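Visitor: Mind folding the following:
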Amino acid sequence: MDYFATSGHFHVVLLHLPIGLIAGVGLLELLTLRPGGAGSRAPVRLLLWLVAASAAMVASTGYILSLEPGYVADTVSLHMWLGIAFAALSVVTLAAHEFALRAAPSGTPARSRLLPFRLGLLGMVGLIVPVGHLGGTLTHGDDFLFVSSLESKQHEGIAQDSPELTEFIANIQPVLESNCYACHGEAKQKAGLALHTPESILAGSRNGPVIDPADPKTGELIRRLQLPLEHDDHMPPQGKPQPSEDQVRAIKAWIAGGASFTSPLSATVQATVEPTLPAATPPAAAQPTHPDAPTAAADSAALANLRTALAHVQAIEPGSPLLWIDFAAPSGAAQVTDDRIAALLPPVAGHVQDLSLARSGITDRSAALIAGMVRLRRLDLSRTAITDAGVTLLGSLKNLEELNLVGTSVTDASLPDLANATNLQRLFLWSTQVTPDGVERLRAARPGLVIETGSSLTGQTLAIEDAPELRTSALVEDVPSPAANQLKPVNSTCPVSNAPVDPRFVIVYEGRVIGFCCSNCPKKFWDDPATFLRALANQDVR
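Guide: Next up is the predicted model:
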């Protein structure tokens with residue numbers, strides 16, 4: 001067991017202790033302000049010592065917990081530093097109180113001597129609010145305090161054509177929100193998996209896709225939902241809210257039907273749904289409209305043609321002439337070609353602020369048309385045939401703030417053009433041919449640009465193995481020197497047989513090198529990894 005990492009889990013146990021103690025200090029201090037209320041300050045002194053000690057423990061365990069992957073860096077960093085500030089202020093406040101007591105031989109210091117202590121106490125009470133709010137955001141998701149359950153069903157990035165409900169909005173998203181967002185939402189993304197937007201659902205986790213419309217029974221999302229509750233891989237984990245069998249069947253049926261985010265409910269089903277959901281909010285609705293927005297609405301015939309072509313078309317916000325256009329429906333997106341785009345988009349090019357062509361059949365030919373959309377802020381070209389030549393044209397989009405190139409063939413050659421896009425704030429580049437060195441050069445050229453590469457891990461290459469030899473299992477066996485000496489198993493005892501490890505027989509599983517005693521044990525391990533991982537956890541692994 002990793003005792004250091006485990007100690008971080010006590011953060012959620014200890015964090016309420018200083019909150020209750022500081023409330024007690026505040027109440028006692030208020031009582032001393034009453035006429036004749038001055039008396040022994042021993043209770044206040046005791047509570048202040050306990051506050052300082054517990055705040056230090058909470059801050060230290062919180063720091064250890066923040067080292068675990070899956071948290072949004074900005075949120076967890078701000079929460080951590082505010083927590084450390086609270087702990088530091090508790091020590092300063094305690095010192096101010098001790099100074100006031102020692103400066104008063106009678107044991108009852110004058111109010112002027114207590115002023116620094118009371119100011120520190122007010123500061124601690126003020127810090128509790130943002131620290132607690134950010135902790136709630138990390139645990140329950142963004143805006144947990146203020147967004148109603150009705151509004152949360154209309155999460156950013158998932159929309160519907162009002163007044164019709166989509167299958168996803170009505171039946172799937174509420175299940176994910178209630179059971180999954182706490183660990184796989186906007187604020188926290190364990191294993192790199194987020195389920196709060198269509199793009200993140202389709203992107204999957206660090207281990208690959210989680211839904212497979214071709215075979216919904218084998219997709220990782222369904223597989224984990226259907227595992228026995230006590231199984232280590234079951235999701236949501238035991239003790240957390242669980243979806244019902246009907247809800248799991250609904251998710252399976254949705255995946256089997258193509259996992260569409262835009263297909264409407266049937267008339268029969270829609271009639272049973274309360275028509276009280278608010279109008280859809282596109283991804284950029286929270287942003288102000290462009291100062292140079294067109295004064296007139298887009299041509300109604302052009303909008304009708306887009307909807308006939310099954311594109312999602314919606315105003316950025318009510319009454320705005322700016323548009324969000326999405327061709328990225330999972331079924332039929334590949335039929336969206338350069339010719340089709342050239343016929344549909346030019347009449348509305350000056351009105352487009354958000355455009356998604358994800359998984360479509362477009363090529364660099366469409367980049368010239370897109371480059372003419374002067375008001376474009378968000379552009380999704382993930383899993384298209386766009387190359388460096390197309391990206392070069394997109395570098396002229398002066399108002400572009402977010403660009404998604406996931407799954408394209410772009411290389412380092414396109415990065416200088418992206419560095420010149422002065423308003424670009426967020427760039428998605430995983431599953432491309434961009435190298436880590438290229439990403440670091442771009443980060444150096446544009447320090448404020450957030451670049452998502454699919455992993456928050458950094459490091460250096462320690463060794464490169466020889467080309468693998470395919471066998472009946474994923475066993476790395478009889479690795480020739482010197483590679484064999486560089487694969488150091490973390491365990492000394494075989495998790496299958498409990499015999500001493502033979503360093504010739506190792507596998508790499510979830511980033512760890514696991515050793516076995518012979519060539520047969522790895523085969524048994526692959527048949528049921530969870531069982532043997534529990535045995536491995538009981539060892540004192542290195």
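
Visitor: When you work out contacts or count neighbours from here on, use the C-alpha atoms and nothing else.
Guide: OK.

Visitor: where along the stretch 51-200 of the chain do the helices fall?
Guide: Taking DSSP state H, counting those that start in this stretch as the criterion, the stretch 51-200 of the chain carries its helices at 73-102, 111-140, 149-152, 167, 173-179, 181-184, 198-203.

Visitor: Tell me where the model's unsure across the stretch 101-250 of the chain.
Guide: 104-110, 137-165, 187, 215-218, 239 (pLDDT under 70).

Visitor: Past the least confident helix or strand in the chain by mean pLDDT, which element shows up next along the chain?
Guide: Among the secondary structure pieces of the chain, namely its helices and strands, helix 267-271 has the lowest mean (mean pLDDT, DSSP states H and E), a mean of 37. Next helix or strand after helix 267-271 toward the C-terminus (DSSP states H and E): helix 300-308.

Visitor: In terms of secondary structure, what does the following helix or strand past that following helix contact?
Guide: The first helix or strand that comes after helix 300-308 along the chain, using DSSP H and E, is strand 312-315. Other elements packing on strand 312-315 under the criterion 3 or more C-alpha pairs under 8 Å, 6 or more residues apart in numbering; DSSP states H and E are helix 300-308, strand 323-326.

Visitor: Take the ones you listed and lay them out in a markdown table including distance to T531 and mean neighbour count.
Guide: Formatted as a markdown table, these follow (distance: least, C-alpha to C-alpha, whole Å; neighbours: other C-alpha atoms under 10 Å):
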| stretch | distance to T531 | mean neighbour count |
| --- | --- | --- |
| helix 300-308 | 52 | 15 |
| strand 323-326 | 45 | 24 |
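
Visitor: V374 is nearest to which of these?
Guide: Closest approach to V374 among those (C-alpha to C-alpha): strand 323-326, 12.6 Å.

Visitor: next one: the closest one to chain centre, how far?
Guide: The offset between the C-alpha centroid of strand 323-326 and the centroid of the whole chain comes to 24 Å, using C-alpha atoms, centre = their mean, to the nearest Å.

Visitor: Report the buried residues of stretch 392-401.
Guide: The neighbour-count check on stretch 392-401 (16 or more other C-alpha atoms under 10 Å) flags T392, L393, L394, G395, S396, L397, K398, N399, L400, E401 as buried.

Visitor: between these, which is nearest V25?
Guide: Lowest distance from V25 to those (C-alpha to C-alpha) belongs to E401, with 47.9 Å.

Visitor: you'd agree the closest one is up against N423?
Guide: Yes - using C-alpha atoms under 8 Å, E401 and N423 qualify as a contacting pair, with a distance of 5.5 Å.

Visitor: Check what pLDDT A53 gets.
Guide: If you check A53, the pLDDT there is 91.

Visitor: how about the helices and strands packed on strand 312-315 in a markdown table, adding distance to W254?
Guide: Shown next, in a markdown table, are the helices and strands packed on strand 312-315 (distance: least, C-alpha to C-alpha, whole Å):
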| stretch | distance to W254 |
| --- | --- |
| helix 300-308 | 23 |
| strand 323-326 | 20 |
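
Visitor: Please tabulate these in JSON lines, including the columns mean pLDDT and distance to R534.
Guide: Conversion of these to JSON lines gives the following (pLDDT from 0 to 100; distance: least, C-alpha to C-alpha, whole Å):
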{"stretch": "helix 300-308", "mean pLDDT": "84", "distance to R534": "53"}
{"stretch": "strand 323-326", "mean pLDDT": "89", "distance to R534": "46"}
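
Visitor: Relative to H184, which of these is closest?
Guide: The minimum distance between H184 and those falls on strand 323-326, with 24.0 Å, by C-alpha to C-alpha.

Visitor: Does anything pack onto that closest one? Which helices or strands?
Guide: With 3+ C-alpha pairs under 8 Å, 6+ apart as the test, strand 323-326 has strand 312-315, strand 352-356 packed against it.

Visitor: please redo it, this time with the cut-off set to 10 Å
Guide: Using 3 or more C-alpha pairs under 10 Å, 6 or more residues apart in numbering; DSSP states H and E as the contact definition, the elements that strand 323-326 packs against are helix 300-308, strand 312-315, strand 352-356, strand 378-380.

Visitor: Quickly list the domain ranges of this protein.
Guide: 3-140, 157-266, 300-452, 476-537 (automatic domain parsing).

Visitor: how far does the longest one stretch from start to finish?
Guide: This means domain 300-452. For domain 300-452, the first and last residues are 37 Å from each other (C-alpha to C-alpha, to the nearest Å).

Visitor: Ok, stretch 406-414 next?
Guide: When the end residues of stretch 406-414 are compared by C-alpha to C-alpha, they are separated by 14 Å.
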